[in-house]
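Undergrad: Quick one: sequence plus predicted model below, questions after.
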Amino acid sequence: MSGHSKWATIHRQKEVNDAKRGVIFTKLGKALTLAARQGKGVDDMVAKARQYNMPKENIARAIERGMGGAGGEELHEATYEGFAPGGVVVMVHTVSDNKLRTAQQVREILDKGGGKMVSQGAVAYLFSVDMKPNFLVEVVDVEMRQKIEILLKKLEDLDDVQKVFTNYA
């Protein structure tokens, strides 16, 4: 049974889907703005945005912001490093207009998930040039795996996070 009405069920599903698309569009918009500002990778980012059916107006606005028009806020790239439970290392690449807010959000998720944020360079040596881990950590404990996967999902869901790298197998 769909509850009170079929329309209400469809409406709730649409809200969830729209929220997911909004998060994706926000991340893609920041990546497009940064690519336009750096002057490289714009075509690849436009192609990726089109794969996710991002509206042309949003793409154009993000590129214009990167070129300095339309109230382009200052975006900062940062990579935060940390440990997740079970000896798993995490590197979180972000693009944000407020580095302090983003650092606090990453730190909070790591702390609540049983991990710890560490200083820059503490785990970076465990990854090669293309961010592939030098070795993988396989966690046998089912409860620990669930805890790690929840932590990684929360990190990926942050608006400012572009990519999460880990050595979790």
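TA: Received the coordinates, thanks.

Undergrad: number of nearby residues for Gly39?
TA: When neighbours are defined as other CB atoms under 10 Å, Gly39 has 9 of them. Bear in mind the C-beta positions are built from the backbone N, C-alpha and C, glycine included.

Undergrad: Report the separation between it and Ile63.
TA: For Gly39, the distance to Ile63 equals 11 Å [CB to CB, to the nearest Å].

Undergrad: got a list of what Leu136 touches?
TA: Asn167, Tyr168, Ala169 (CB atoms under 8 Å, 6 or more residues apart in numbering).

Undergrad: Near the closest residue to the first one other than its chain neighbours, how many other residues are there?
TA: What it means is Asn167. Nearest residue to Asn167, sequence neighbours excluded (CB to CB, 6 or more residues apart in numbering): Pro133, at 3.5 Å. Pro133: 18 surrounding residues under other CB under 10 Å.

Undergrad: Dihedrals phi and psi, Pro133?
TA: Dihedral pair for Pro133: phi -70, psi 140, per degrees, to the nearest 10.

Undergrad: residues touching it, list them.
TA: Going by CB under 8 Å, 6+ apart, Pro133 touches Val89, Leu126, Phe127, Phe165, Thr166, Asn167.

Undergrad: which strands and helices sit next to the lengthiest helix in the chain?
TA: Counting by DSSP state H, the longest helix found in the chain is helix 6-38. Applying 3 or more CB pairs under 8 Å, 6 or more residues apart in numbering; DSSP states H and E, we find helix 6-38 packed against helix 42-51, helix 56-66, strand 88-96, strand 161-166.

Undergrad: Mean neighbour count, distance to Gly114 and mean pLDDT added to the ones you listed, as a markdown table?
TA: Listed next are those as a markdown table, based on neighbours: other CB atoms under 10 Å; distance: least, CB to CB, whole Å; pLDDT from 0 to 100:
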| stretch | mean neighbour count | distance to Gly114 | mean pLDDT |
| --- | --- | --- | --- |
| helix 42-51 | 15 | 33 | 94 |
| helix 56-66 | 17 | 36 | 91 |
| strand 88-96 | 22 | 10 | 95 |
| strand 161-166 | 20 | 14 | 95 |
